[in-house]
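A.B. asks: here's my sequence, what's the structure:
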Amino acid sequence: MILDIFTTGVYYTECNFDLEPVKDYCLQHSYNNPSREVSNDGGYQSNNINLQDINVLRPLHERITQELNLFANSMLLKDQSIDSAWININGHQNSNLSHTHPGVAMSGVFYISIPENCGDIIFERPNSSTVGFAWFGQIDEDNCNQYNAIEWRLPARENTLCLFPSFLKHRVQSNSNKDLKRISISFNSK
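C.D. replies: Okay, here's the model as predicted:
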């Protein structure tokens, strides 16, 4: 018998928002506000925005809060509220480097505009370097599963919400689409 211990869940759900006004807001915001550099390698990352204060984003705020609490409560965590949120716009060859979100409980991303070949989110196994060294040559990379994978790729999909514990290291692949930008909103909760 295999016992699943120290399991790390990722919550992934499709939404049904009208994305055009959200996309327009994000692009307009990027034209009128400077970018910051945190985990982004190129591209645009806004300073914090308050989803509740922006009419077009208020329904998204409500849905994120609802889903955050379903996810958190399933792990017996306290109710969550959004602590910070920001816009990500990645053009050709822009990506996000491997990072975590310290000081908060949960993190997530909502995908707004996801053209073909724009890059997916990659989650890294905690202490993956130790596991990789210990199991070097033991894993058939074509047959990875939740027990032996060093990293796990989740496809970026429009109108999809992805939630995960803030300690889970992750990165976003480079956007290989030469013509279209990947647009998302990321957030943290406490």
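A.B. asks: tell me which element Leu27 is part of?
C.D. replies: helix 19-32 (DSSP states H and E).
A.B. asks: which other helices and strands contact that helix?
C.D. replies: strand 82-90, strand 106-113, strand 182-189 (3 or more C-beta pairs under 8 Å, 6 or more residues apart in numbering; DSSP states H and E). Every C-beta, even on glycine, is put in place using the N, C-alpha and C of the backbone.
A.B. asks: so what touches the next helix or strand after the second one?
C.D. replies: Proceeding N to C from strand 106-113, the next assigned helix or strand is strand 121-124, under DSSP H and E. Counting contacts by C-beta atoms under 8 Å, 6 or more residues apart in numbering, the residues outside strand 121-124 that touch it are 10, 98, 109, 150-154, 156, 162, 164, 168-173.
A.B. asks: out of the residues you listed, which end up buried?
C.D. replies: 10, 109, 152, 154, 156, 162, 164, 168-173 (16 or more other C-beta atoms under 10 Å).
A.B. asks: mind checking which of the residues you listed land in strands?
C.D. replies: Those of these mapping onto strands are Val109, Trp152, Leu154, Cys162, Phe164, His170, Arg171, Val172, per DSSP state E.
A.B. asks: any idea what Ile183 is bridged to?
C.D. replies: Beta-bridge partners for Ile183, by DSSP bridges, are Ile89, Ser113.
A.B. asks: where's it relative to Asn90, distance?
C.D. replies: As judged by C-beta to C-beta, to the nearest Å, Ile183 and Asn90 stand 8 Å apart.
A.B. asks: surely Gln45 meets Arg36?
C.D. replies: Yes - the pair Gln45 / Arg36 is scored as a contact, 5.5 Å apart, by C-beta atoms under 8 Å.
A.B. asks: biggest helix in the chain by residues?
C.D. replies: Ranked by residue count, the top helix of the chain under DSSP state H comes out as helix 58-74.
A.B. asks: quick one: that one to chain centroid distance?
C.D. replies: 15 Å (C-alpha atoms, centre = their mean, to the nearest Å).
A.B. asks: check the offset of the helix or strand of the chain with the lowest mean pLDDT from the chain's centre.
C.D. replies: Across the helices and strands of the chain, mean pLDDT, DSSP states H and E gives its lowest value to helix 128-134, namely a mean of 74. In terms of C-alpha atoms, centre = their mean, the centre of helix 128-134 is found 24 Å from the chain centre.
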